[in-house]
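Undergrad: can you look at this prediction? I've put the sequence above it.
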Amino acid sequence: ASAGVDVIDLGVFPTPGIAYLTGSIEADLGVVISASHNPMPDNGIKFFARGGVKLPDAVEQAIEARVGEPWERPVGGDVGEVIASNALSADYLAHLLQAVQEFGGAESPLKGLTIVVDGAHGAASVVGPEALEAAGATVVRVHCAPDGRNINDGVGSTHLGPLAAAVVHEGADMGVAFDGDADRCLAIDEAGAIVNGDHILGLLARAMRDAGTLYRDTMVATVMSNLGLHHAMREAQIDIVETAVGDRYVLEAMREGGYTLGGEQSGHVIVSRYATTGDGVLTSLLLGSLVAKSGSLAELARGVKTLPQVLINVAGVDRSRVHTDVELGKELESVRTQLGDSGRVLLRASGTEPLIRVMVEAATPEAAQQHADRLAAVVAVRLSL
């Protein structure tokens, strides 16, 4: 406001809610202070352009380049206003309810379900349970008491153990966990097993294909999606377009190809009919509607049999040589040959840290661990700083 911009202050609010409202009220910009799935000290800023889509990398870099530059601020009547609005919060909740009613084909599409909700002490601690209850579910709340410091602290989508225990203890039909800003959602089935983003994508893809809303019978996923998802989608005659890791790249591919479903193993799921970014609360509603019809999340999830996956982060290495070191290339090819069609290997440089991520999928946990350890050791030696 001090820069001359009128600001609508929604207080603590989910990131995807800001994206939706930026588009629905035709705002010029949406801004979120968020650490995403990380602890409170890691807070940063997320921007959404007109229409509720994330800013391109080049625009964000241009903004960063100007941080700290002196500039003339407006005074007097040119200073912007700060407007608090509870009505827009209600608009977002109404949008979520309308979406799941359409998707589920019922007024109360989650009726009969008991769902444990882990709010990660974050932005969806209120709206998440409220949306599920509005759709007909009975909700048990855990980790829905934010104090400004406890967000993502051993809870939420990156720490699923407490939620799994709560689901089993309550005898619930399922559990859902959001991260702090609620742009991702993972689930727990009635037996306490994890249902990750790959499972959720596979289930939604089949449902949308059957409903005729999966454009060209194709979904978008990243290179980190499990090979088991690819196998399951091939059997279902659903194609997958692969992108780099990051929900912004998933969305770019969806927009370029007109695709209606995309996401990541981490729980970012984008259904373009209802959202322009990953929306954890929306994902929980859509998944819940499928469970209400089938009666068992465990049974549904068995339709996407993921392979054992091992991920090792190798620190203190030169990321720039990950694809040029000859000896590492030979070792990588050797592992790929041994795995054949029964597994997969991926080396990926972290975008923010001096890390190489070694990911291996294989038919057994032991094989995945063995190959991952072997490759990680070679990476550590060959790319040492």
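TA: Perfect, I can see it now. Numbering: from 1, shown residues only.
Undergrad: let's verify the residue nearest to Val378 when sequence neighbours are not counted: helix, strand, or coil?
TA: Leaving aside its sequence neighbours, Val378 sits nearest to Glu331 (CB to CB, 6 or more residues apart in numbering; 4.7 Å). In short, each C-beta sits where N, CA and C put it, glycine included. When classified by DSSP: H, G, I helix; E, B strand; the rest coil, Glu331 comes out as helix.
Undergrad: kindly state the pLDDT recorded for Glu331?
TA: Among the per-residue scores, Glu331 shows a pLDDT of 95.
Undergrad: swap in Thr138?
TA: 99.
Undergrad: gap between the residue nearest to it when sequence neighbours are not counted and Val245?
TA: In space, and not counting its chain neighbours, Thr138 is closest to Thr114: 4.6 Å by CB to CB, 6+ apart. Distance, Thr114 to Val245, by CB to CB, to the nearest Å: 34 Å.
Undergrad: quick check: pLDDT value at the residue located most distally from the centre of the chain.
TA: What lies farthest from the middle of the chain is Gly76; by CA atoms, centre = their mean that is 42.7 Å. According to the prediction, Gly76 has pLDDT 90.
Undergrad: could you pull out the strands for the stretch 251-385 of the chain?
TA: Taking DSSP state E, counting those that start in this stretch, the strands of the stretch 251-385 of the chain run over residues 261-263, 269-271, 309-315, 344-349, 355-361.
Undergrad: next up, the contacts around the residue farthest from the centre of the chain.
TA: By CB atoms under 8 Å, 6 or more residues apart in numbering, no residues touch Gly76.
Undergrad: distance of it relative to Gly4?
TA: Counting by CB to CB, the gap from Gly76 to Gly4 is 11 Å.
Undergrad: same thing with Asp42?
TA: Taking CB to CB, one finds Asp42 at 30 Å from Gly4.
Undergrad: and Phe13, by the same measure?
TA: 23 Å.
Undergrad: the two: which has the busier surroundings?
TA: Phe13 (20 against 12; other CB atoms under 10 Å).
Undergrad: OK, contacts around that one?
TA: Val32, Ser89, Tyr92, Ala123, Val127.
Undergrad: which of those fall in strands?
TA: Taking DSSP state E, the ones among those that sit in strands are Val32.
Undergrad: take the contacts of Phe13 and lay them out in CSV including neighbour count.
TA: Listed next are the contacts of Phe13 as CSV, based on neighbours: other CB atoms under 10 Å:
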residue, neighbour count
Val32, 23
Ser89, 18
Tyr92, 23
Ala123, 30
Val127, 23
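Undergrad: turn the contacts of Phe13 into a markdown table, columns for distance to Thr260.
TA: A markdown table is the format used below for these (distance: CB to CB, whole Å):
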| residue | distance to Thr260 |
| --- | --- |
| Val32 | 25 |
| Ser89 | 27 |
| Tyr92 | 21 |
| Ala123 | 26 |
| Val127 | 24 |
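Undergrad: of the contacts of Phe13, closest to Thr213?
TA: Nearest to Thr213 among these: Tyr92, at 22.1 Å, using CB to CB.
Undergrad: pLDDT wise, what is that closest one at?
TA: 97.
Undergrad: so how far is Ser157 from it?
TA: In terms of CB to CB, Tyr92 sits 20 Å off from Ser157.
Undergrad: thought Gly197 was touching Leu261?
TA: No: at 11.9 Å, Gly197 and Leu261 do not qualify as touching, with contact defined as CB atoms under 8 Å.
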